[in-house]
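Enquirer: got a structure for you, letters missing:
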């Protein structure tokens with residue numbers, strides 16, 4: 001599996017679109033926990049490679065890859081969060097549970113995460129709007145930047161659209177910042 005991970009990260013961006021879904025399936029079958037124990041920055045590398053390859057085009061070419069990546073991403077985040085004192089502390093301080101949807105405008109990438117009872121979990125697809133507290137929307141590349149911490153969170157940022165009460169940003173932003181730090185192997 002180590003060579004598969006390395007091959008995927010070394011694959012030229014132009015070739016990522018071909019066969020990305022089967023590679024994701026092999027990696028996911030091996031398990032996010034094992035992969036991240038071996039290479040803590042794998043998810044950040046994978047997301048960076050996707051951005052380089054034009055993630056929207058990749059996901060539009062292999063529709064199920066968007067869900068596969070999202071499920072693998074949140075499985076990895078959940079594992080990394082369970083191993084991080086900083087994230088555990090941050091999650092324990094959350095005053096109120098919340099539900100966040102993430103929706104791409106240019107690809108089938110739809111995802112969500114939930115912070116409940118001091119834990120974070122997520123999955124592909126959107127939560128029903130009745131239980132959504134906040135939503136991030138924008139081009140796939142912008143959403144990848146959001147998750148990896150490469151995007152400024154603020155109302156002056158025209159690349160990212162949001163829905164929900166502005167007060168949620170101060171609750172969601174620290175979780176996203178810590179998530180991005182964990183994804184980068186920090």
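Expert: Now that the structure is in, tell me what you want to look at. All values derive from a computational prediction rather than experimental measurement. Residues are numbered from 1 along each chain as shown.

Enquirer: which element is residue 3 on?
Expert: When elements are assigned from DSSP states H and E, residue 3 belongs to helix 2-10.

Enquirer: just the buried residues of that helix, please?
Expert: By 16 or more other Cβ atoms under 10 Å, the buried positions in helix 2-10 come out as 5, 8. Bear in mind the C-beta positions are built from the backbone N, C-alpha and C, glycine included.

Enquirer: which elements pack onto that helix?
Expert: helix 20-30, helix 32-38, helix 42-52 (3 or more Cβ pairs under 8 Å, 6 or more residues apart in numbering; DSSP states H and E).

Enquirer: ok and that helix relative to helix 42-52, angle-wise?
Expert: 40 degrees (axes from the mean of the first three to the mean of the last three Cα atoms, to 10 degrees).

Enquirer: can you give me the strands for this structure?
Expert: Secondary structure of the chain (DSSP state E): strands located at 98-104, 110-116, 119-124, 134-138, 161-163.

Enquirer: now distance to residue 78, mean pLDDT and mean neighbour count too, for the ones you listed, in TSV please.
Expert: Compiled in TSV, these are given as follows (distance: least, Cβ to Cβ, whole Å; pLDDT from 0 to 100; neighbours: other Cβ atoms under 10 Å):
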stretch	distance to residue 78	mean pLDDT	mean neighbour count
strand 98-104	14	97	20
strand 110-116	9	97	20
strand 119-124	5	97	18
strand 134-138	19	96	20
strand 161-163	24	91	15
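
Enquirer: how is this protein divided into domains?
Expert: 2-83, 85-183 (automatic domain parsing).

Enquirer: tell me how far the ends of the shortest one are from each other?
Expert: If I follow you right, that is domain 2-83. 21 Å (Cα to Cα, to the nearest Å).

Enquirer: what does the longest one give?
Expert: Taking Cα to Cα, domain 85-183 runs 15 Å from one end to the other.

Enquirer: gap between the helix-or-strand element of the chain with minimal mean pLDDT and the chain center?
Expert: Sorted by mean pLDDT, DSSP states H and E, the helices and strands of the chain end with helix 2-10, the least confident at a mean of 76. Counting by Cα atoms, centre = their mean, to the nearest Å, helix 2-10 is centred 20 Å from the centre of its parent chain.

Enquirer: ok, stretch 159-170 next?
Expert: Per Cα atoms, centre = their mean, the centroid offset for stretch 159-170 relative to its chain is 17 Å.

Enquirer: check stretch 45-65 too.
Expert: 12 Å.

Enquirer: check which residues of that stretch are buried.
Expert: For stretch 45-65, by 16+ other Cβ under 10 Å, it's 45-51, 53-56, 58-60, 62, 65.

Enquirer: now do the same contact list for residue 87.
Expert: Neighbouring residues of residue 87 by Cβ atoms under 8 Å, 6 or more residues apart in numbering: 80, 81, 120, 178, 179, 182.
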